[in-house]
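# Can you look at this prediction? I've put the sequence above it.
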Amino acid sequence: MKTGAAHTLLAMAGTISLTAQEGPTVSQADILDVKNPIFLLDPMVLFSIAIGVVVAAIAFWIGVVIFKRMTRPPELAPPPPYEIALNHLRKARNWLEPETAERFCTEVSTIMRSFLEAHFKLPATEQTTEEFFSNPSHTEAFTADQNIELKQFSEQCDLAKFAQWGLGTTEMEKLYSTAEVFIETTGKPTEEPVQENPDAITPG
């Protein structure tokens, strides 16, 4: 009896040992470390950050625009009509030769008409000489002598341009001088004299 009980106990012990060996094994890899908790930002905080970035970008762009405008060199005012006319008139001297009289007269006539239109707002480039001088309102801004000189100048230029009227160097120099003086006296601003104030106190 004792021998049979011992055999039975040994058999049960072996069965338990086999069962324990056949059970699932746990490796070191299956044991995972505990991760740190994940913190999620509040959506309102994210929205505030986005608004701040946009505002900063706009402020930077405005600053760049203002800086460029402040550092931009000032734009120069265009020269007055009389200066433009005189500059072109000086270039026209290249044609002041008897063989190029037609070209010279065409140049100085165009310069004079462009000056009248730019400075006095007269339709000089759109009208013939006869049409221009037939309207008294076109010449009322000039003195009697200036009207006579301007009409003679225009008629001589027309003769050289359309009637192939030959001009000598002396006549061409006179046309040039007439145009130059007319442009300077009618277009160049006159300096106002300084008026003395008798009531002003002169420092001692």
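Nice, thanks for sending it over. Numbering: from 1, shown residues only.
# Past the helix or strand of the chain with the lowest mean pLDDT, which element shows up next along the chain?
Ranked by mean pLDDT, DSSP states H and E, the helix or strand of the chain with the weakest confidence is helix 2-22, at a mean of 50. Going down the chain from helix 2-22, the next helix or strand is helix 43-71, by DSSP states H and E.
# Tell me the first helix or strand C-terminal of that next one.
helix 81-91.
# Check which residues of that following helix are buried.
Buried residues in helix 81-91, counted by 16 or more other Cβ atoms under 10 Å: 81-82, 84-86, 88-89. Yep, even glycine has a C-beta here, placed from its N, CA and C like the rest.
# okay, residue 24: pLDDT?
Per-residue confidence (pLDDT) for residue 24: 51.
# Ignore what I typed, I meant residue 127.
Per-residue pLDDT puts residue 127 at 90.
# repeat for residue 134
pLDDT, residue 134: 90.
# Report the contact partners of residue 124.
Neighbouring residues of residue 124 by Cβ atoms under 8 Å, 6 or more residues apart in numbering: 112-114, 116-117, 132, 138.
# Just the buried ones from those, in PyMOL syntax?
Entered in PyMOL, the line below selects the buried ones among these, by 16+ other Cβ under 10 Å:
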select buried, resi 112+113+114+116+132+138
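# With secondary structure as extra columns, can I get the contacts of residue 124 in a markdown table?
As requested, the contacts of residue 124 are exported to a markdown table (DSSP: H, G, I helix; E, B strand; the rest coil):
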| residue | secondary structure |
| --- | --- |
| 112 | helix |
| 113 | helix |
| 114 | helix |
| 116 | helix |
| 117 | helix |
| 132 | helix |
| 138 | helix |
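# Which pair of the contacts of residue 124 spans the longest distance?
Greatest spatial distance among the contacts of residue 124 (Cβ to Cβ): 114 and 138, at 15.0 Å.
# Residue 184 and residue 80 touch, don't they?
No - using Cβ atoms under 8 Å, residue 184 makes no contact with residue 80, being 11.6 Å away.
# quick one, what contacts residue 146?
182, 185-186 are the contacts of residue 146 under Cβ under 8 Å, 6+ apart.
# Quick check: chain neighbours aside, which residue is closest to residue 183?
Closest residue to residue 183 apart from its sequence neighbours, by Cβ to Cβ, 6 or more residues apart in numbering: residue 85 at 4.9 Å.
# Which residues are in contact with that neighbour?
Going by Cβ under 8 Å, 6+ apart, residue 85 touches 111-112, 114-115, 118, 183, 187.
# Could you report the distance from it to residue 154?
According to Cβ to Cβ, to the nearest Å, residue 85 stands 15 Å off from residue 154.
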